[in-house]
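Q: here's my sequence, what's the structure:
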Amino acid sequence: MELLAVEAAGRGMSVRAAEESGLAGPAYWYGGPFAGARLAGRLGFALLEPADGWLTELSEEFTGRQVRAGTVADAWAIDRPTFVKPPRDKSFPADVYTDGSRLPSALDPETPVLLSDVVTFAAEYRLFLLDGRIAAASRYAVFGRLDPRPLGTDRADRATAAQITEFADRLAAEAGHTLPSAVVVDVGQLLDPYRPGHRWAVVEANMAWFSHAYAADPARVLDVVLRAAGPREHMRPRDLAFERHH
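A: Numbering: from 1, shown residues only. This next block holds a predicted model:
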């Protein structure tokens, strides 16, 4: 967040904390969803986000695994290892749960969740997309461990960047209309347990205004954030369907 704040200040923007007094719009937002929802009306910004079930609507060509939408009650009933995550609010840790008894018991049973097959990603990359094109990108994990690195810094990495770009272009052509114009999509090298090599697959989609930039170019990340959480009067008609209302 600090790098984005420095970049915004360098553009002549006033950077203020959410708890400061005397805040007035029009404004842009970078931060959590609950404070954002509380301030959006007063400060006049619109928060764009992908639909909760977006990943479940993607074809397996892009997910590389089965993903379904459900509730915490459904997750409590699982009897085999399953990856379970809340689609938006991080109300419990996204993780592989060996069975439903491992999930927190105090959760609201109607809380939405995503349930998917357990898979292994060799490396994961965060893509900040603007109008369906990659504006900024960074690796963020290797075999599930945090390992940020800028994308395209050496010959091998440039080959990876080219593969990611080709995959993102195919995704945009197939499903770009199902995402806001400014959004984060995480992708990864999905390992096949039965043969060598990997395939590219979508990990998840996220709100750009609540996504860590990792090692991505802060200036280009900020361009995406400003579109994803800017003054409501500047919102494009195609994005009206993606505004967060609660």
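
Q: nearest spatial neighbour of the residue most central in space within the chain, chain-adjacent residues omitted?
A: Nearest to the mean C-alpha position of the chain, by Cα atoms, centre = their mean, lies residue 206 at 2.0 Å. Excluding the flanking residues, the one nearest residue 206 by Cβ to Cβ, 6 or more residues apart in numbering is residue 184, at 4.3 Å. Every residue, glycine included, has its C-beta placed from N, CA and C.

Q: dump the residue contacts of residue 151.
A: 125, 137, 138, 139, 157, 160, 161, 164, 215, 216 (Cβ atoms under 8 Å, 6 or more residues apart in numbering).

Q: out of the residues you listed, which are inside strands?
A: Residues of the contacts of residue 151 located in strands (DSSP state E): 125, 137, 138, 139.

Q: of those residues, just say which sits nearest to residue 230.
A: The nearest member of the ones in strands among the contacts of residue 151 to residue 230, counting by Cβ to Cβ, is residue 137 at 21.6 Å.

Q: and the pLDDT for that closest one?
A: On pLDDT, residue 137 comes in at 97.

Q: was I right about it contacting residue 129?
A: No - shown here, residue 137 and residue 129 do not form a contact pair, counting by Cβ atoms under 8 Å, at 9.3 Å.

Q: make sure residue 195 is indeed in a helix.
A: No - in this structure, residue 195 is coil, not part of a helix, as judged by DSSP: H, G, I helix; E, B strand; the rest coil.

Q: what is the burial count for it?
A: By the criterion of other Cβ atoms under 10 Å, residue 195 has 7 neighbours.

Q: mind listing the strands for the chain?
A: Taking DSSP E as the test, the strands found in the chain are 45-47, 67-71, 82-85, 95-97, 112-116, 121-130, 133-142, 145-150, 182-191, 198-206, 229-231.

Q: can I get those in CSV including distance to residue 171?
A: Shown next, in CSV, are those (distance: least, Cβ to Cβ, whole Å):
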stretch, distance to residue 171
strand 45-47, 22
strand 67-71, 15
strand 82-85, 20
strand 95-97, 25
strand 112-116, 17
strand 121-130, 9
strand 133-142, 11
strand 145-150, 22
strand 182-191, 7
strand 198-206, 7
strand 229-231, 22
